[in-house]
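Colleague: the sequence isn't on hand, but the structure is:
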């Protein structure tokens, strides 16, 4: 019985660690963004898989449509420019690519403001 309890405890510890590693954190906040040399900001609200956001690029604010954060991946759509964004989150940085009208492969990156 003691051995079974020990194994259950070990499994609980490992499953807790696995969940913590799978959920990268809270990305809510303001990010400085650079999209193929166009600079601006994006503001992300929410937590743990339920995010919304907007971007300030080229002098105007617009919603980040279809925004999803799964693990360390972020995806969203920018409707006014017909762009789709994909990125990989690593701490306070995001690196990724976007396309325009389904064509091209352009670099983008972001750094969370207030982060070291």
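Modeller: Done, it's in. Keep in mind that this is a model prediction, so the values were computed, not measured.
Colleague: tell me the buried residues in the helix or strand hosting residue 96?
Modeller: Here residue 96, judged by DSSP states H and E, is contained in strand 93-100. Residues 94, 96, 98 are the ones in strand 93-100 that count as buried (16 or more other CB atoms under 10 Å). Every residue, glycine included, has its C-beta placed from N, CA and C.
Colleague: can you check stretch 67-86 too?
Modeller: Across stretch 67-86, burial judged by 16+ other CB under 10 Å covers 67, 69, 72, 74, 76, 78, 81, 83-85.
Colleague: ok now stretch 82-91, how far from the chain's centre?
Modeller: With CA atoms, centre = their mean, to the nearest Å as the basis, stretch 82-91 stands 7 Å off its chain's centre.
Colleague: returning to that earlier point: which helices and strands sit right next to the helix or strand that comes right after the strand holding residue 96?
Modeller: Per DSSP H and E, the first helix or strand lying C-terminal to strand 93-100 is strand 103-112. With contacts taken as 3 or more CB pairs under 8 Å, 6 or more residues apart in numbering; DSSP states H and E, strand 103-112 sits against strand 29-35, strand 83-90, strand 93-100.
Colleague: what's strand 103-112 in contact with?
Modeller: With contacts defined as CB atoms under 8 Å, 6 or more residues apart in numbering, strand 103-112 is touched by 27, 29-36, 42, 85, 87, 92-100.
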